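K.L.:
fold the following for me, if possible:
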Amino acid sequence: MFELLAVASAPVVTFSVDPALVIQLVLSTFMPLLVGLVTTRVTSGAIKAWLLAAFTLVTSVLTGIGDAIATGTQFDIGLALLLLIPAFVVSVSTYYGLWKPTGIAVKAQDVGANK
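P.N.:
Next comes the predicted model:
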């Protein structure tokens, strides 16, 4: 009977968010705008996609290193590479779902353009 009481008093649901994951999610959201700032309208879509993948890789690794330094743990390159996949998906879907339809992506590419 005492075991049942101990189990019943245990929390049923917990919610914890790793700050490094939140940082990576925010960076992934704005990464397409960075690609727009460093490319032009005539840059091919393939180059933009590879550039977005490279930027996402760099931010994933740097976020993992920053988290390891902040928490005093070892840097896990496997986790950083695994988190690259959803970060890239967030970047691409944010571009097509938010930045492109609102015209912000085009305005990012117009920054610094000679008119």
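
K.L.:
pLDDT score for the residue nearest to Leu98 when sequence neighbours are not counted?
P.N.:
With CB to CB, 6 or more residues apart in numbering as the criterion, Leu98 has its nearest non-adjacent residue at 7.7 Å, and that residue is Ile104. Every C-beta, even on glycine, is put in place using the N, C-alpha and C of the backbone. Ile104 carries a pLDDT score of 93 in this model.

K.L.:
quick one: the spatially most central residue of the chain from Arg41, how far?
P.N.:
Central residue of the chain (CA atoms, centre = their mean): Ser28, 2.9 Å from the mean position. Distance, Ser28 to Arg41, using CB to CB, to the nearest Å: 23 Å.

K.L.:
can you show me the strands along the chain?
P.N.:
For the chain, strands defined by DSSP state E do not occur.

K.L.:
for it, what spans make up the helices?
P.N.:
2-8, 19-38, 45-71, 77-94, 100-102, 104-110 (DSSP state H).

K.L.:
check which helices and strands the last one sits against.
P.N.:
Translated: helix 104-110. helix 19-38 (3 or more CB pairs under 8 Å, 6 or more residues apart in numbering; DSSP states H and E).

K.L.:
show me the contacts for Leu79.
P.N.:
Gly64 (CB atoms under 8 Å, 6 or more residues apart in numbering).
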